[in-house]
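Colleague: Sequence and predicted structure below; questions after.
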Amino acid sequence: MNKVILIGNLTRDPELATTNSGVSVCRFSIAVQRNFQNNEGERGTDFFNIVVWRAQGENCHKFLKKGSKCAVIGRLQNSSYEAQDGTKRYVTDIVADNVEFLSSRSSDGGAGESAPRPAADPKPGTGDLEPIDDDSLPF
């Protein structure tokens with residue numbers, strides 16, 4: 001099984017390209033903070049290259065920007081190429097099957113920092129409800 005789930009922040013603006021056959025491909029990278037701290041009390045960060053194809057890639061290019069928080073579900077893909085100096089280079093990408101935008105949209109239409117949601121108005125007539133004792137619940 002080859003499955004990756006990551007949540008992180010974009011380290012740069014997404015780049016959109018089109019293949020010779022007209023298929024859209026979007027590339028960006030995300031920074032994911034580690035769950036543990038080192039001896040100095042600091043958390044390390046890992047950086048991952050993300051590749052998103054077709055309409056979902058176009059949406060990523062349109063709605064994400066540097067600093068946006070997103071969740072990526074996909075798979076690892078290894079590839080290699082020969083550099084200009086003749087050395088063989090290896091690359092590992094995350095090919096996304098699904099990208100969820102976790103930052104709220106800012107007023108300028110782009111993605112921005114998450115804004116607090118306004119408190120919901122209480123429903124009319126709920127102010128006079130009496131508390132229920134936990135022992136009286138059927139479950």
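Modeller: Thanks, I have the structure now.
Colleague: So the closest residue to residue 5 other than its chain neighbours: helix, strand or coil?
Modeller: The spatial neighbour of residue 5 that comes closest, neighbours along the chain excluded (C-beta to C-beta, 6 or more residues apart in numbering), is residue 73 at 5.3 Å. In this view, the C-beta of every residue, glycine as well, is placed from N, C-alpha and C. Classification of residue 73 into helix, strand or coil gives strand, according to DSSP: H, G, I helix; E, B strand; the rest coil.
Colleague: Pull up the gap between residue 73 and residue 52, please.
Modeller: As defined by C-beta to C-beta, to the nearest Å, residue 73 lies at a distance of 11 Å from residue 52.
Colleague: neighbour-wise, which of these two wins?
Modeller: Relative neighbour count places residue 52 above the other of residue 73 and residue 52, with 27 against 14, counting by other C-beta atoms under 10 Å.
Colleague: Give the other helices and strands that the helix or strand containing the more buried one contacts.
Modeller: Here residue 52, judged by DSSP states H and E, is contained in strand 43-53. Using 3 or more C-beta pairs under 8 Å, 6 or more residues apart in numbering; DSSP states H and E as the contact criterion, the secondary-structure elements in contact with strand 43-53 are strand 24-37, strand 69-82, strand 88-101.
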